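> Sequence plus the predicted model coming up.
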Amino acid sequence: MADQVESQISIDVPSVLVERLSELGASILIRCPGEWGSRDTYIRPNELAGYLSDPEELVARHLGVTRTEFLAWQDEGFSVQCAARTKRGKRCRGVVTGGSHVPAKIWVQMQGGFCVAHEDGLPQPGQKALR
Ligand SMILES: [Zn+2]
């Protein structure tokens, strides 16, 4: 949450600039880190002020996810981490089957999935703990 406050700054974009860019039919290309190195997103001139104030929020919205999900997607290397817990209680570091280098929206949808080693799910009471 602290990073959200720090990154939000108010920047005035002259309305004459936004209007002229809109008249010209301009789009602004935003390049951010993505599942295959980088991901391009086009924003409209009237979104420029919002982008300058909080780039992550705007790009996240364009990708159909929340800002928090967008940042987590990047933090986890654009791949979905297995939801299983090891015997020691740590989260498995495996990648969910089919969840390697996926777009942000898919990344969100695949949360809670399991890697190849844990596809059979979490152990039931009385069952041996997962490796
Ligand atoms: Zn796993």
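Noted; the coordinates are in hand. Numbers count the residues shown, from 1 in each chain.

> Which residue ranges make up each domain of this protein?
2-64, 76-131 (automatic domain parsing).

> Apart from its chain neighbours, what residue comes closest to residue 86?
In space, residue 86 comes closest to residue 92 once its chain neighbours are excluded; the distance is 5.9 Å by Cβ to Cβ, 6 or more residues apart in numbering. C-betas here are computed from N, CA, C, even on glycine.

> for stretch 29-42, how far is the first residue from the last?
Taking Cα to Cα, to the nearest Å, stretch 29-42 runs 5 Å from one end to the other.

> What residues sit buried inside that stretch?
Neighbour-count burial for stretch 29-42, counted by 16 or more other Cβ atoms under 10 Å, picks out 30, 32, 34, 35, 39, 41.

> Quick one: those residues as TSV, columns for secondary structure, pLDDT and distance to the ion too.
Supplementary listing: the buried residues of stretch 29-42 in TSV, determined by DSSP: H, G, I helix; E, B strand; the rest coil; pLDDT from 0 to 100; distance: Cβ to the ion, whole Å:
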residue	secondary structure	pLDDT	distance to the ion
30	strand	95	34
32	strand	90	28
34	strand	93	24
35	coil	93	20
39	strand	90	27
41	strand	93	32
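
> from these, which two are the most distant?
30 and 35 (15.7 Å; Cβ to Cβ).
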